[in-house]
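Colleague: Only the shape, not the letters, is given here:
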């Protein structure tokens, strides 16, 4: 991400531009005006500024915005290593070294929530990654266009709801007299206070997550499915492949790049389990399974006012997340040639 | 069962050139598939239906767990109760204001930056893209963000809710790739006519980008409409809360205390009866439900645009 590297890249591509086009239609050649063509990147800074200052001016406020609201907090993580007093200096008061890091490494609560986060993240990945693929394949087999469109519209709908609404609905359905417990009782069971039971938290969380994301998750797969070359199916049929074999040998390879890209993204973000949803859904009775890193650091930091300690935990989580995205991308580039960038 | 029905067709279909496209096994599968998808739709819609039914039912019926898909003791009194609450309307108005202001700010910042980043000839472009994209993979985290907002003096102001989310890098990249795909010749022609970058942007590019602008407006406004967490973190005055936070406090049975400490006690106490919750939920999602059928395709196209590599 260094500046020198980035500009170096830009210059390298400049060289590849063809030396002066002969036809006006040629995209990369020298056009009637020279300012829009990549070739002109060779000009000096002074000339660049004179020509493009309007563009830089347009970018100024948005970039300042990113620096203030994204990069200042990034560097604000320094308070993981400095003592911070609420309401005091944003960069903290004095250095304390690795004190807070050691503190959480020796905190049994931290390892509890770490394990909870990993389990919840893994379960979410296990269900929320493959189910949209299955649904997309099923939708792909529907031939009545109108029916397909209705199913799609309905299954996308939960995606647009606020997490507050989703949790509200979950609480209604799972209440002691709610629909789920009515079914349980009709089958001869006893009503279960699902939201008060730690052993049910993961099921409730993952279930509602599937409900909300499975439909929306099919969009990219359906797009990829529609681009699979029809002649491949033709060839497979001539070779005697039935529908199932066509799906296995033509359809699935066709959407593999999409699958890989989304898998990388999902693995990279797998520790970012839905913080807001957990915060709304859990309660002290379900902390044993429901408490995750982000909710723990929320309570430590903003409820108990241990800002530096909570920042150390947050920084740790962010670094793990970054490392995981980078390594998932690396592995997938090596293994299947698909990568995010 | 469906799978075995499918594989059984391989024998009969093997030698035919047309293939086993409509074999009996496949027909069986189609039937099961259709049934399954209908059931799935029911499953997706069920929570909406229940909440809607509860909102029209009597409090007693809801409490006794009698209401599932059809209102029991039909009445609109609950709507009247909610509608007579000043705090509800204040929150609702706040949500509308935050959504309008936040979307405007976000659109201005995102469009400007996306346009600049789409200029392939621009010096330092890669650096600027890098600055934006890096924030997708690494962010400051909860506490540093909180400290920043506090130090900027934005706590208990609208700006704490509308500013921090103003540039979504995903949306930025979607717009950038859209601008990149506009025909270069148009801008060149405008340049010959003497328009500067700003003139090109305003008179040529923006009018050509109505579809993507509409998509982005929708993305941003739904996100802000649904957001409750920023307000939860940065506000402790009830009269500033958006309706989502109002609802959250109602659900948590903590609507009377606006303090953050109450958050920890997010229990399911039935302090406020379920049908009032149901009405508030319905009123909160109604704007989204109303525009949804008309704008759904914009959302879908936005997601597809986003899948184009930035």
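Modeller: That came through, no problem. All of these numbers come straight from a predicted model, not from anything done at the bench.

Colleague: The longest helix seen in chain B: how far from the chain's middle?
Modeller: Scanning chain B for the longest helix, with DSSP state H as the assignment, gives helix B:274-307. Taking CA atoms, centre = their mean, to the nearest Å, the mean C-alpha location of helix B:274-307 is offset from the chain mean by 7 Å.

Colleague: What of stretch A:151-169?
Modeller: Going by CA atoms, centre = their mean, the spacing between the C-alpha centre of stretch A:151-169 and its chain's C-alpha centre is 18 Å.

Colleague: Likewise for stretch B:200-218?
Modeller: Relative to the chain's own centre, stretch B:200-218 is displaced by 20 Å; criterion: CA atoms, centre = their mean.

Colleague: hang on, the earlier thing: please identify the buried residues of the longest helix of chain B?
Modeller: Using 16 or more other CB atoms under 10 Å in any protein chain shown as the burial criterion, the residues of helix B:274-307 that qualify are B:274-285, B:287-288, B:292, B:295-296, B:298-303, B:305-306. C-beta here means a position set from N, CA and C on the backbone, and glycine is covered the same way.

Colleague: Could you list which of these also contact chain A?
Modeller: When contact is defined as CB under 8 Å from any CB of the partner chain, those meet chain A at B:274, B:277, B:278, B:281, B:284, B:285, B:288, B:292, B:296, B:299, B:300, B:303.

Colleague: Tell me the one of those residues nearest residue B:206?
Modeller: Distance to residue B:206, by CB to CB, is smallest for residue B:299 among these, at 21.0 Å.

Colleague: Three-state assignment for the closest residue to the closest one other than its chain neighbours, please.
Modeller: Spatial nearest neighbour of residue B:299, chain neighbours left out: residue B:218 (6.3 Å); criterion: CB to CB, 6 or more residues apart in numbering or on different chains. Secondary structure, DSSP: H, G, I helix; E, B strand; the rest coil: residue B:218 is helix.

Colleague: so where's the chain shaky on pLDDT?
Modeller: In the absence of a named chain, this looks at chain A. A:1-43, A:336-341 (pLDDT under 70).

Colleague: To clarify, I was referring to chain B.
Modeller: Counting by pLDDT under 70, chain B contains low-confidence residues at B:1-22, B:254-272, B:306-310.

Colleague: Could you list the domains of chain B?
Modeller: Chain B breaks down into these structural domains: B:23-75, B:85-307 (assignment by automatic domain parsing).

Colleague: Check the offset of the shortest one from the chain's centre.
Modeller: The gap between where domain B:23-75 is centred and where its chain is centred comes out at 24 Å by CA atoms, centre = their mean.

Colleague: ok, it near chain A or not?
Modeller: Yes: using CB under 8 Å from any CB, domain B:23-75 reaches chain A at B:23, B:25-26, B:29-30, B:33-34, B:36-37, B:40-41, B:43-48, B:50-51, B:54, B:63-65, B:68.

Colleague: Buried members of these into PyMOL, please.
Modeller: In PyMOL, the members of these classed as buried (16+ other CB under 10 Å) are selected with the following command:
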select buried, chain B and resi 23+25+26+29+30+33+34+37+40+41+44+45+46+47+48+50+51+54+63+65
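
Colleague: Mind checking which of the residues of domain B:23-75 next to chain A are in helices?
Modeller: B:25-26, B:29-30, B:33-34, B:36-37, B:40-41, B:43-48, B:50-51, B:54, B:63.

Colleague: need the contact list for the residue lying closest to residue A:307 once chain neighbours are set aside.
Modeller: Closest residue in space to residue A:307, ignoring its immediate chain neighbours: residue A:84 at 4.7 Å, by CB to CB, 6+ apart. Residues in contact with residue A:84, defined by CB atoms under 8 Å, 6 or more residues apart in numbering or on different chains, are A:92, A:93, A:307, A:308, A:311, B:147.
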